[in-house]
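Trainee: following is a predicted model, sequence given first.
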Amino acid sequence: MAKVKFGSAEWIQALQNDLNASQAYEEAAKTWEGDFYFIVDPEGAIKEPIYLYMDLWHGKCRDAFVVTDKNAKTPAFVMSGPYSKWKKVVTAQLDPIQALMTGQLKLKGNMVMVMKSVKAAQEIIRSCTRIDTEFEM
Amino acid sequence: MWFFSSPQIVFGEGALSYLAQIQGKRAVIITDEQMQKLGFVDLVKEQLAQANVETRVFDQVEPEPCLDTVRRGALMLCDYEPDWIIGLGGGSPMDAAKAMWALYERPDLPPDGINPLEYLGLGKKAKLVTVSTTSGTGSEVTWFTVLSDLNEKRKLGLGSRETLATIAIVDPMFAMKMPPRLTADTGLDALTHAIEGYAGTWHNDFADAVCLKAIELIFRFLPLAYRNGDDAEAREKMHNAAALAGLGFGNSMAALAHAMGHSLGAVFHVPHGRAVSLFLPYTMEFNANAGNYRYADIAKFIGLDGLGEQQLTWQLIAAVRDLAIELDSKTDLMSLGIARDDLNKSMEHLLVNAENDNQIVPSSRQPDRAELRKLFEYAYEGKHIDF
């Protein structure tokens, strides 16, 4: 299978497909209700921010796409950080919780929900690592 | 990038007298009724009186404190407006004090909203002093707070670096009155902190150093303190070891034994130290079976013999089991008095709790649902982990 570029429409689609095929994610996130923006901040060769939208609902990803106008959606959660940090998270070199605790990534939204959903968060990262991803830097 | 966070630690005989030097007007002592009965609250009040600090006491913290208790304590703080909060006791009063402090600073915050992922803006109204009276929890030096959600029958691992105490008093005088069972349970809790802190994936050079020293002290002095509570040296060394282990896992996190122990404790009300330490050798075997031999470093440090990392790892696991037996501790869930039917009925709840406990994140081997179930089942029967 050909590599897909991180942050592209193909990449977020691949993540949606992988999540929806994951029984572990479905079980872990069966009570989760909340959509996300994953924002990749410009850095190096990446000159414009990338907005990835995911609608996560009861163990499934109902929709996922790249957003060009960030005002298009008002998701419940927004997680953002520079490209290099996302690369480390997606390739499992950086624990996303450590990244959040040290301010390398930032998260806005209902923290009570997030803190109770450790397993679901882990499964999303596992899903990311299963995508054959290429990076621009 | 990572941090090493620590309060100012005042330790050794007479450390409590440091309270007479603090500057302030009003203090609230957060504690439990047992501390009142033992006279420990009066000892603290005497020191605060010397500093001309007015004092009130909230002594309604129950074991494994719940969210409502924290809310009630925070209301009292908001009413009295102290500039010092003193968390006095074992892990429960100190954890409760951290959470109450956070809600006093941020009344808009729900107790389960105390989290390490965002800046909370705490520390503007008061400072926190922790005074540990047991030798195990390490709560005096960590920013963690474990609260019980009674509705969900779940323990919530909460906390923020901003809830780290300003000052931690580690005075061995308090530990002298611990009965043997409490000495064993809390000491094994400290051992679990140090071993998991060292072997987890969030380990780092700074935390490693204190974890190793804590483990060395615990293996040497815990049996002595258990057999003879009047052994002042053993008591002091164990009190220090617990704080060192707290610094260790507080800056590297615990791991799977804690996730399973929290889960078990919330459902079957097993004391924290007893629960997490019971699971420790099982989870060590689970990790070792996947080739995690970081335990070998610990074995070498405490002078165990073995050829190569694999053998040293299994030597350490055997030493942990032997220590529990030496301390007359239960080593399987069945002997805790849990009926097999009750375990089976609660299994789904146990699994979900453990999977979503934040201490599972740094485990060096992540169990899937089936493995986690087997870990509980093997621990029930006392079987060595063979998968």
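Mentor: Yep, that arrived. Numbers count the residues shown, from 1 in each chain, chains lettered A, B, ... in the order given.

Trainee: let me know the pLDDT of A:M1.
Mentor: We note a pLDDT of 65 for A:M1 in this prediction.

Trainee: work out which residue lies at the spatial centre of chain A.
Mentor: Nearest to the centroid of the C-alpha atoms of chain A, with distances taken as C-alpha atoms, centre = their mean, sits A:F38, at 5.3 Å.

Trainee: just for chain A, where's the confidence low?
Mentor: Low-confidence segments of chain A, defined by pLDDT under 70, are located at A:1.

Trainee: would you tell me which residues of it are close to chain B?
Mentor: A:24, A:27-28, A:95, A:97-98, A:100-102, A:104, A:107-108, A:111-112, A:114-119, A:122 (C-beta under 8 Å from any C-beta of the partner chain). All C-beta atoms are positioned from the backbone trio N, CA, C, and that covers glycine.

Trainee: among those residues, which ones are in strands?
Mentor: Applying DSSP state E to those, the entries found in strands are A:L107, A:K108.

Trainee: would you check that B:R365 makes contact with B:N292?
Mentor: Yes. The pair B:R365 and B:N292 qualifies as a contact (C-beta atoms under 8 Å) at a distance of 6.3 Å.

Trainee: between these two, who's got more neighbours?
Mentor: Comparing B:R365 with B:N292 by neighbour count (other C-beta atoms under 10 Å in any protein chain shown), the higher total belongs to B:N292, at 19 against 16.

Trainee: returning to that earlier point: now the common contact residues for B:R365 and B:N292.
Mentor: Here B:R365 and B:N292 share no contacting residue, scored by C-beta atoms under 8 Å, 6 or more residues apart in numbering or on different chains.

Trainee: low-confidence ranges, the stretch 251-387 of chain B, go.
Mentor: Low-confidence segments of the stretch 251-387 of chain B (pLDDT under 70): none present.

Trainee: any idea which residue of it lies closest to chain A?
Mentor: Residue of the stretch 251-387 of chain B nearest chain A, by C-beta to the nearest C-beta: B:E355 (4.1 Å).

Trainee: contacts only, for that residue.
Mentor: Listed by C-beta under 8 Å, 6+ apart, the contact set of B:E355 reads A:A28, A:V118, A:K119, B:A259, B:R369, B:L372.

Trainee: ok, and the closest non-adjacent residue to the residue nearest to the spatial centre of chain B?
Mentor: The structure's chain B has its C-alpha centroid closest to B:T137; by C-alpha atoms, centre = their mean the separation is 3.1 Å. Distance criterion C-beta to C-beta, 6 or more residues apart in numbering or on different chains; nearest residue to B:T137, sequence neighbours excluded, is B:G91 at 3.2 Å.

Trainee: contacts only, for that neighbour.
Mentor: When contacts are counted by C-beta under 8 Å, 6+ apart, B:G91 is found next to B:T134, B:G136, B:T137, B:G138, B:S139, B:V146, B:H272.

Trainee: local confidence estimate at it?
Mentor: At B:G91 the predicted local confidence, pLDDT, stands at 96.

Trainee: got the domain boundaries for chain B?
Mentor: Residue ranges of the domains in chain B are recorded as B:8-176, B:181-381, according to automatic domain parsing.

Trainee: okay, the ones you listed in TSV with distance to A:T68 next?
Mentor: Rendered in TSV, the data for the domains of chain B read as follows (distance: least, C-beta to C-beta, whole Å):
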stretch	distance to A:T68
domain B:8-176	28
domain B:181-381	34
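
Trainee: if we can go back for a sec, just the element for the nearest residue to the residue nearest to the centre of chain A once chain neighbours are set aside, please.
Mentor: For A:F38, ignoring the flanking residues on the chain, the nearest one in space by C-beta to C-beta, 6+ apart is A:L52 at 4.3 Å. Assigned by DSSP states H and E, A:L52 belongs to strand A:50-57.

Trainee: partners of that strand, with directions?
Mentor: Strand A:50-57 has its sheet partners listed here by DSSP bridges as strand A:33-41 (antiparallel), strand A:60-67 (antiparallel).

Trainee: for chain B, what lies in contact range of chain A?
Mentor: When proximity is defined as C-beta under 8 Å from any C-beta, chain B approaches chain A at B:1-3, B:110, B:112-113, B:115-118, B:156-158, B:161, B:201-202, B:352, B:355-358, B:360-362, B:366, B:368-369.

Trainee: buried only: go through the residues you listed for me.
Mentor: Among the residues of chain B next to chain A, the ones that count as buried by 16 or more other C-beta atoms under 10 Å in any protein chain shown are B:112-113, B:115-118, B:156-158, B:201-202, B:352, B:355-358, B:360-362, B:366, B:369.

Trainee: looking at the residues of chain A next to chain B, which are in helices?
Mentor: Among those, the members falling in helices are A:24, A:27-28, A:97-98, A:100-101, A:111-112, A:114-115, A:118-119, A:122 (criterion: DSSP state H).

Trainee: and those, which two are the farthest apart?
Mentor: Taking C-beta to C-beta as the measure, those span a maximum distance of 26.2 Å, between A:E27 and A:M101.

Trainee: looking at the two, which has the bigger crowd around it?
Mentor: Comparing A:E27 with A:M101 by other C-beta under 10 Å, the one with more neighbours is A:M101, at 20 against 16.

Trainee: quick one: that one and B:P116 touch, right?
Mentor: Yes. Because the distance of 5.0 Å satisfies C-beta under 8 Å, A:M101 is recorded as touching B:P116.

Trainee: overlap in contacts, those two.
Mentor: Between them, A:M101 and B:P116 share the neighbouring residues B:R161, with contact defined by C-beta under 8 Å, 6+ apart.

Trainee: circling back to that earlier point, for PyMOL, what selects the buried ones among the contacts of B:G91?
Mentor: For the buried members of the contacts of B:G91, the matching PyMOL selection, counting by 16+ other C-beta under 10 Å, is:
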select buried, chain B and resi 134+136+137+138+139+146+272
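
Trainee: taking the contacts of B:G91 one by one, which sit in helices?
Mentor: Assigned to helices by DSSP H, the following of the contacts of B:G91 qualify: B:H272.

Trainee: can you lay out the contacts of B:G91 as a markdown table showing distance to B:G382?
Mentor: As requested, the contacts of B:G91 are arranged in a markdown table below (distance: C-beta to C-beta, whole Å):
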| residue | distance to B:G382 |
| --- | --- |
| B:T134 | 27 |
| B:G136 | 23 |
| B:T137 | 26 |
| B:G138 | 27 |
| B:S139 | 30 |
| B:V146 | 26 |
| B:H272 | 21 |
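
Trainee: out of the contacts of B:G91, who's nearest A:N20?
Mentor: Distances from A:N20 to the contacts of B:G91, taken as C-beta to C-beta, are shortest for B:V146 (34.7 Å).

Trainee: what score does that closest one have for pLDDT?
Mentor: Turning to B:V146, the model gives it a pLDDT of 92.

Trainee: could you pull up the residues touching it?
Mentor: Under the criterion of C-beta under 8 Å, 6+ apart, the contact partners of B:V146 comprise B:E64, B:G91, B:D95, B:K155, B:L156, B:G157, B:L158, B:H262, B:H272.

Trainee: report the contact partners of the fifth one.
Mentor: Residues in contact with B:L156 (C-beta under 8 Å, 6+ apart) are A:M115, A:K116, B:L67, B:D112, B:V146, B:L147, B:S148, B:D149.

Trainee: and the gap between the fifth one and B:R106?
Mentor: Counting by C-beta to C-beta, to the nearest Å, the gap between B:V146 and B:R106 amounts to 19 Å.

Trainee: and for the second one?
Mentor: Per C-beta to C-beta, A:K116 is found 19 Å from B:R106.

Trainee: more neighbours: these two, which one.
Mentor: Set A:K116 next to B:R106 and count neighbours by other C-beta under 10 Å: A:K116 wins out with 21 against 18.

Trainee: give me the phi and psi angles of that one.
Mentor: The main-chain torsion angles of A:K116 are listed as degrees, to the nearest 10 and equal phi -100, psi 0.

Trainee: check contacts around it.
Mentor: Taking C-beta under 8 Å, 6+ apart as the criterion, A:K116 is in contact with B:D112, B:L156, B:N356.

Trainee: go on, B:G261?
Mentor: Residues counted as contacts of B:G261 (C-beta under 8 Å, 6+ apart) are B:T192, B:V270, B:H272, B:A275, B:V276, B:S277, B:L278, B:F279.
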